[in-house]
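Enquirer: Here is a sequence together with a model predicted from it:
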Amino acid sequence: MMSLSGKVTIVTGGANGIGRATCMQLAKRGAKVVVVDLENDPAAESVVSEIAANGGEAMLIQADVRSAEQMSGLVGAVKSAFGRIDVLVCNTRTEAETAAFAELSWEQFERQLTDELKAAFEPTKAVIPTMTEQQFGRIVYLSSTEGRDPTPQHIAFGTAKGGLDAFARYIAQEFGPYGISANVVAPGFVRSHEPLMISDEESRVVGSFTPLGRIAEPEDVAGVISFLAGDDARFLTGTYTPVTGGLVME
C-alpha cells in the first residue's frame with residue numbers, strides 16, 4: 001500500500017460517505033488527518049475516534065468552508081498542531097437544487113453556483129500560501145459526472161460542478177511551478193451518497209449497465225483520492241477522473 005506517512009491532510013465534509021471513507025484510507029496509509037465538518041456532528045467525532053483507536057492521528061475542526069475567516073483560522077490551527085499542510089481534499093457536499101430550467105429561478109441557480117464554488121475557492125485560497133512556501137501540495141476536488149453528463153432537473157448542480165472542474169484546471173496551471181497539483185475526482189452513482197442516492201433495486205439496475213457490474217462504494221472513490229494524494233501521482237495535475245465502474249468513460 002502506498003505510504004502517506006507524515007503527510008498532513010485536510011478533508012472537508014469528512015464526517016460521512018466519501019469523506020469518511022477518505023479520512024479512514026488516508027489515516028490507514030499513515031497520514032495525519034484533519035476532519036472538517038460544518039456542524040457539531042457525532043459522525044465526525046467518530047471518525048477521529050476510530051482513527052485514533054487504530055493507532056492513527058486525527059483532529060476535528062468545525063468550520064464553514066465558504067468562510068474566508070474560518071478557513072484562515074483552520075489553517076492556523078492545523079499548522080499549530082502539525083507544522084505543515086500537504087493535502088487538501090475538497091469534498092464538501094452542497095445540497096442540489098432540483099428543478100427543470102423552466103421552473104428554476106436565478107436566485108436558486110446563483111445559490112448553487114456560489115455555494116459549490118466558494119466551498120472550493122476559500123479552502124484553496126487558505127492553503128495555497130503554505131503549500132507555495134513548502135513548494136509542495138496536493139489538492140483533490142470532488143466533482144460529479146453531472147458536470148459533463150446532464151441529469152434531468154440538475155442543471156444548477158451540474159453547471160456548478162462543471163465550474164468546479166474548470167477551477168481545478170486553472171489552479172493546476174497557475175500553481176504547478178510551485179510543486180502543487182490539482183486534480184478532479186468525479187463519482188457517478190455511489191451507495192449511500194447524495195445527491196444521487198438510489199434504492200437497492202435502482203442500484204441493481206444501474207449496476208447491470210455498468211461494465212464492472214455494480215455502482216460505487218464510498219471506499220472506491222476514496223481509493224482514487226488517496227492515490228492522487230500520494231507520490232505515485234506526482235506527475236498528474238489538471239486531470240479529471242470519473243469513478244463510475246466504466247458507466248462513464250473518458
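Expert: Done, it's in. Numbers count the residues shown, from 1 in each chain.
Enquirer: chain center to the helix or strand bottoming out on mean pLDDT in the chain, what's the gap?
Expert: Least confident element among the helices and strands of the chain, by mean pLDDT, DSSP states H and E: helix 200-208 (a mean of 80). Remark: helix 200-208 is offset 25 Å from the chain centroid, using CA atoms, centre = their mean, to the nearest Å.
Enquirer: Stretch 204-218 now?
Expert: Relative to the centre of its chain, stretch 204-218 is centred 21 Å away, using CA atoms, centre = their mean.
Enquirer: Could you identify the helix or strand that succeeds the least confident helix or strand of the chain?
Expert: helix 218-229 (DSSP states H and E).
Enquirer: buried set for that next one?
Expert: 218-222, 224-229 (16 or more other CB atoms under 10 Å). Backbone N, C-alpha and C define where each C-beta goes, glycine included.
Enquirer: Could you list the residues in contact with the helix or strand that that helix is followed by?
Expert: Downstream of helix 218-229, the first helix or strand assigned by DSSP H and E is strand 240-243. The contact list for strand 240-243 (CB atoms under 8 Å, 6 or more residues apart in numbering) reads 143, 145, 165, 168, 183-188, 216, 220-221, 224, 228, 248-250.
Enquirer: Could you do stretch 162-174 as well?
Expert: Here stretch 162-174 has contacts from 113, 116-117, 120-121, 124, 139, 141, 143, 147-148, 180-184, 186, 237-238, 240, using CB under 8 Å, 6+ apart.
Enquirer: thinking again about what came up before, and the buried residues of helix 218-229, which is closest to residue 154?
Expert: Nearest to residue 154 among the buried residues of helix 218-229 is residue 221, at 18.8 Å by CB to CB.
Enquirer: give the contact list for the closest one.
Expert: For residue 221, the contacting residues are 18, 21-22, 142, 185, 187, 190, 243, by CB under 8 Å, 6+ apart.
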